[in-house]
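Enquirer: For reference, the sequence and a predicted model appear below.
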Amino acid sequence: MRFISLAVVFLLAPRCALAGDALTVHAMEIADQKSVIATVEPIHQLVARARIGGTIITLKAREGDSAPAGSELASVADQKTLLQMQALDSRIQSQQSQADKAKSDFDRAEELQRRGVNTQVQVDAAKTALDVANRTLEAMRSDRGVIAQQIREGAVLAPGAGRILSVPVSEGQVILPGETIATLAEDRYILRLQLPERHAQFMRAGDKVMIGARGLADASDQSKREGRVRVVYPEIRGGRVIADVDIEGLGDYFVGERTRVYVNTGLRRAIIVPQFYVFRRAGVSYVKSADGMDVVVQPGASHGDDVEILSGLVDGDKLVAP
């Protein structure tokens with residue numbers, strides 16, 4: 001029993017010495033944080049538009065789906081274009097026959113010239129007719145290529161990778177060139193802040209902000225995440241400054257979802273003491289002054305292992321650990 005008592009004395013001695021150390025309280029400047037509401041927004045909204053007019057034959061885009069860049073969202077067809085293609089194919093076949101005949105006439109004229117029956121003028125005339133037939137055939141094939149390209153442009157492709165937000169059309173609908181088929185949110189998301197203009201002087205690109213847990217409830221220090229101000233827009237709209245914040249892990253948020261963000265809006269003087277100097281008794285918070293008196297205090301926000309004292313202490317007070 002004697003050895004056990006000595007061990008207890010040696011363990012308690014350092015803590016008692018720590019309790020006797022006096023802490024001088026000083027007011028210091030700390031960042032004044034304000035809680036504001038931010039909305040989740042894509043950096044860019046992409047719009048998939050129809051390049052030709054016609055009827056929507058197939059519609060693959062659905063709200064909420066993820067679309068890779070270049071994927072087909074819809075197919076638009078114009079019956080007039082198909083009829084023009086068929087008519088042009090018939091003309092090309094006819095012109096091909098004329099070109100074949102002109103080639104035969106030219107070969108015959110050359111053969112007769114070698115035998116001394118035909119003249120050079122007749123050979124030149126046959127050559128000219130062959131050139132005209134071939135160039136007309138090439139022009140028709142080029143026209144066909146233009147129509148074929150128009151048909152291929154009926155495929156509406158995703159301009160970039162993203163999530164489909166809205167599809168304002170339906171299958172079988174007649175549309176005009178340039179109409180919107182789908183609106184996509186780019187894969188990368190940011191938080192968009194709208195701050196009162198009195199805070200504009202404190203916001204800078206690269207500043208650190210704290211983001212609360214998902215939702216609008218006040219967050220504890222453990223649930224907060226760090227983000228960085230990406231850009232502060234140099235325009236005030238409706239008395240508000242707009243800023244974008246970069247943060248990882250917003251991919252599973254809804255576009256337009258709101259969350260709480262804590263931003264620095266300047267500096268203020270405050271008294272900060274370690275948490276273990278504050279104790280509670282009967283629902284009231286106290287600190288112990290160096291003269292042994294218990295002083296009633298009003299604690300404020302926590303700063304890691306420290307706590308802000310709103311009232312009860314002044315600069316220069318001395319405290320001891322309870």
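Expert: Looks like it came in fine.
Enquirer: contacts and neighbour counts: CA atoms only from here.
Expert: Noted.
Enquirer: What segments of the stretch 101-250 of the chain are helices?
Expert: Using DSSP state H, counting those that start in this stretch, the helices of the stretch 101-250 of the chain run over 120-152.
Enquirer: where do the strands sit along it?
Expert: Under the criterion DSSP state E, counting those that start in this stretch, the stretch 101-250 of the chain contains strands at 155-157, 162-166, 174-175, 180-186, 189-196, 208-211, 225-237, 240-246.
Enquirer: Now that we have these, can you turn them into CSV and tack on distance to V284, mean neighbour count and mean pLDDT?
Expert: Conversion of these to CSV gives the following (distance: least, C-alpha to C-alpha, whole Å; neighbours: other C-alpha atoms under 10 Å; pLDDT from 0 to 100):
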stretch, distance to V284, mean neighbour count, mean pLDDT
strand 155-157, 66, 23, 92
strand 162-166, 52, 21, 89
strand 174-175, 71, 16, 90
strand 180-186, 51, 22, 91
strand 189-196, 36, 22, 87
strand 208-211, 30, 21, 85
strand 225-237, 31, 15, 86
strand 240-246, 39, 21, 89
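Enquirer: Can you add distance to F279 and give the ones you listed back as CSV?
Expert: What follows is those, written out as CSV (distance: least, C-alpha to C-alpha, whole Å):
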stretch, distance to F279
strand 155-157, 65
strand 162-166, 52
strand 174-175, 72
strand 180-186, 51
strand 189-196, 37
strand 208-211, 28
strand 225-237, 29
strand 240-246, 38
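Enquirer: closest one to V76 among those strands?
Expert: strand 155-157 (6.1 Å; C-alpha to C-alpha).
Enquirer: Please name the nearest non-neighbouring residue to R192.
Expert: Sequence neighbours aside, D244 is the residue nearest to R192 in space, at 4.6 Å (criterion: C-alpha to C-alpha, 6 or more residues apart in numbering).
Enquirer: Spit out the contact partners of the one you found.
Expert: The contact partners of D244, by C-alpha atoms under 8 Å, 6 or more residues apart in numbering, come to 190-193, 229-232.
Enquirer: That one and A38, how far apart?
Expert: D244 is 9 Å from A38, where distance means C-alpha to C-alpha, to the nearest Å.
Enquirer: Please enumerate the shared neighbours of those two.
Expert: Common neighbours of D244 and A38 (C-alpha under 8 Å, 6+ apart) are 191-193.
Enquirer: Identify the bridge partners of the residue nearest to R192.
Expert: In this entry, D244 is beta-bridged to R192, V231, by DSSP bridges.
Enquirer: Kindly list the single helix or strand of this structure that scores lowest on mean pLDDT.
Expert: Lowest mean confidence among the helices and strands of the chain (mean pLDDT, DSSP states H and E): helix 2-20, at a mean of 33.
Enquirer: partner strands of the helix or strand following that one, parallel or antiparallel?
Expert: With elements assigned by DSSP states H and E, the helix or strand that comes after helix 2-20 is strand 22-24. Counting by DSSP bridges, the strands paired with strand 22-24 are strand 318-320 (antiparallel).
Enquirer: For the strand it pairs with, what is the distance to the chain centroid?
Expert: Relative to the chain's own centre, strand 318-320 is displaced by 51 Å; criterion: C-alpha atoms, centre = their mean, to the nearest Å.
Enquirer: State the mean pLDDT of that strand.
Expert: The predicted model gives strand 318-320 an average pLDDT of 88.
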